[in-house]
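>>> below are the sequence and a predicted model; questions follow.
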Amino acid sequence: MESHSLDEKPTKGAPNVQAASIASGDDAAQDYLRHHEIGVVEELSSNKSLRWKIDLRIMPLLMTIYFLQYLDKTLLNYASVMGIKDYLKGNEYNNLGTM
């Protein structure tokens, strides 16, 4: 077995990924595949269109959920001001806030 010091750079093995490509925001895996021409690398435009389609499906659902959560918390505060605490026993108001 060969022993290498930590300061030595290996001559064989995985290639060194350039810091410039990482700093520019490129994906390191895509850079590696482009450099070594391994497999099929999808174009960034197809990734953007896929991301856009996913966003169009998920974002309305998330916005609806956040809006309903906002309404729930706001209406619970209004109910507290209007006197709902008078009709609740003990810890019931606190339990309503955790739902």
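On my side now, so go ahead. Numbers count the residues shown, from 1 in each chain.
>>> contacts and neighbour counts: CA atoms only from here.
OK.
>>> mind naming the longest helix for the protein?
helix 44-82 (DSSP state H).
>>> what is the subsequent helix or strand relative to it?
helix 92-97 (DSSP states H and E).
>>> average pLDDT for that following helix?
Averaged across helix 92-97, pLDDT comes to 85.
>>> one more: stretch 27-39?
Stretch 27-39 comes out at a mean pLDDT of 70.
>>> start the count at 41, not 1, going forward
With 41 as the first residue, the last one maps to stretch 67-79.
>>> can you list the domains in this protein?
The chain breaks down by automatic domain parsing into domains covering 41-81, 84-139.
>>> comparing those domains by mean pLDDT, which bottoms out?
Per-stretch mean pLDDT for those is lowest at domain 41-81 (a mean of 57).
>>> please tell me how far residue 89 sits from residue 97.
Residue 89 is 13 Å from residue 97, where distance means CA to CA, to the nearest Å.
>>> cool, residue 134 as well?
35 Å.
>>> quick one on the thing from earlier: list the buried ones in the longest helix of the chain?
residue 116 (16 or more other CA atoms under 10 Å).
>>> now swap in stretch 69-76 and tell me
For stretch 69-76, the neighbour count (16+ other CA under 10 Å) marks 70-72 as buried.
>>> what do you get for stretch 123-135?
residue 133.
>>> quote the end-to-end distance of it.
16 Å.
>>> my read: residue 125 touches residue 134, true?
No - using CA atoms under 8 Å, residue 125 makes no contact with residue 134, being 10.0 Å away.
>>> now residue 130: phi and psi?
As for residue 130, its main-chain torsions (degrees, to the nearest 10) stand at phi 50, psi -120.
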